[in-house]
Structure formats: structure tokens, C-alpha cells
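>>> have a look; sequence and predicted model below, questions after that.
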Amino acid sequence: MHIRFMVLAAAAVAAVAVAGCDEKLSDLTGPTPSLQPTFSSIQHEIFDTTDPSGRLACINCHTNAGGRIPPAGLNLASGASYTSLVGASSTEKPGLMRVNPGDPENSYIIHKLEGRAGIIGVRMPRGNGPFLTEGQMLVIKRWIELGAKND
């Protein structure tokens, strides 16, 4: 009888936890409601697009348009960004990969986007913001956690 009570109690707790998680991903991502934890979505919504909050598209600086060398050699233009990021060593912090698949905490892109202590240069996007929202950061971290696939 005691075990049955514990199983029922655990099921009740699980049901309450699931009921509290009905928040949609679009509610978390603020100015980019279509953002998903896929590379193609991050490319379009973050790298390629200036969002309604005024955060500039990453490709405003990180592209080789006009033959220029992008900052830190990081080209975020479509077709070049994945190989420039995933499994690539950071030029600013050679001991870290820009994106370390499965490990957002040891991915230098996360450090730069959050403005963590120890980064070289300034928080991205450059300037005083607006920066990525917490929800946008969660989606990018989730993509990395899922293996940073080229999807």
C-alpha cells in the first residue's frame, strides 16, 4: 500500500510540473518569435536579421562582403557560418571552440554573446546593445546542447 501511495504521489507531482510548462517557445524569444533551436533558424533570425528591438544582424560586421576580413575571422554569412563556427577554434581564445557541440558552457560564442568576464574585446553584438534576450540565448544554447547540427 505504501509503495502504491508513493507512485501516485510521484505521478501527481509530475502532472503539476508538466501543467506548469505550457509556455510556448515563441513567448520566450521576444523579438524573434519564430526562433527555433536549429541552425537554419539561428542563421535567419539572429545572424541575418535585425530584429524589432533594434539588435543589429550579426552579418552587419561578420561577413566578407566587399573583400574585407570579418572581425576575428568569423564569417557569419549564409553558406560560410556553420564551418566558421562549429568545431572551429576561437582566434581570441584558442583553447575554446567557437561552438563546442553538446557543450554551450565551453562555447566561446556564448561567452561573447553574454559578455562574460575573460572575453577578448567587447560583448556582442558590438556596442551598447540591445543584446540578445535571455530567451534567444536559451535557444542558441539548446541548439548547441543538441549537438550543433547543421539543420
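Done, it's in.

>>> what ranges in this protein fall below the confidence cut-off?
Within the chain, the stretches with pLDDT under 70 are 1-23, 26.

>>> how about 50 then?
4-21 (pLDDT under 50).

>>> which stretches of it form strands?
Per DSSP state E, the chain has no strands. Nothing in it meets that criterion.

>>> okay, helices next: where are they in it?
Per DSSP state H, the chain carries helices over the ranges 2-19, 25-28, 39-42, 81-85, 108-114, 134-145.

>>> what's the fifth one packed up against?
Other helices and strands packing on helix 108-114, by 3 or more CB pairs under 8 Å, 6 or more residues apart in numbering; DSSP states H and E, are helix 134-145. C-beta here means a position set from N, CA and C on the backbone, and glycine is covered the same way.

>>> now for the helix it packs on, which elements pack on it?
helix 25-28, helix 39-42, helix 108-114.

>>> in the second one, what's buried?
Under the neighbour-count criterion of 16 or more other CB atoms under 10 Å, helix 39-42 has 39, 41-42 buried.

>>> would you turn the residues you listed into TSV with distance to residue 138?
Compiled in TSV, these are given as follows (distance: CB to CB, whole Å):
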residue	distance to residue 138
39	16
41	13
42	12
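
>>> which member of these is positioned nearest residue 79?
Taking CB to CB as the measure, residue 79 lies nearest residue 39 of the buried residues of helix 39-42, at 12.0 Å.

>>> didn't the closest one look like it was pressed against residue 144?
No: Residue 39 is beyond contact range of residue 144, at 10.1 Å (criterion: CB atoms under 8 Å).

>>> how close does the residue nearest to residue 49 when sequence neighbours are not counted get to residue 68?
What sits nearest to residue 49 in space, not counting adjacent residues and going by CB to CB, 6 or more residues apart in numbering, is residue 57, at 5.3 Å. Noted for residue 57: a distance of 16 Å to residue 68, by CB to CB, to the nearest Å.
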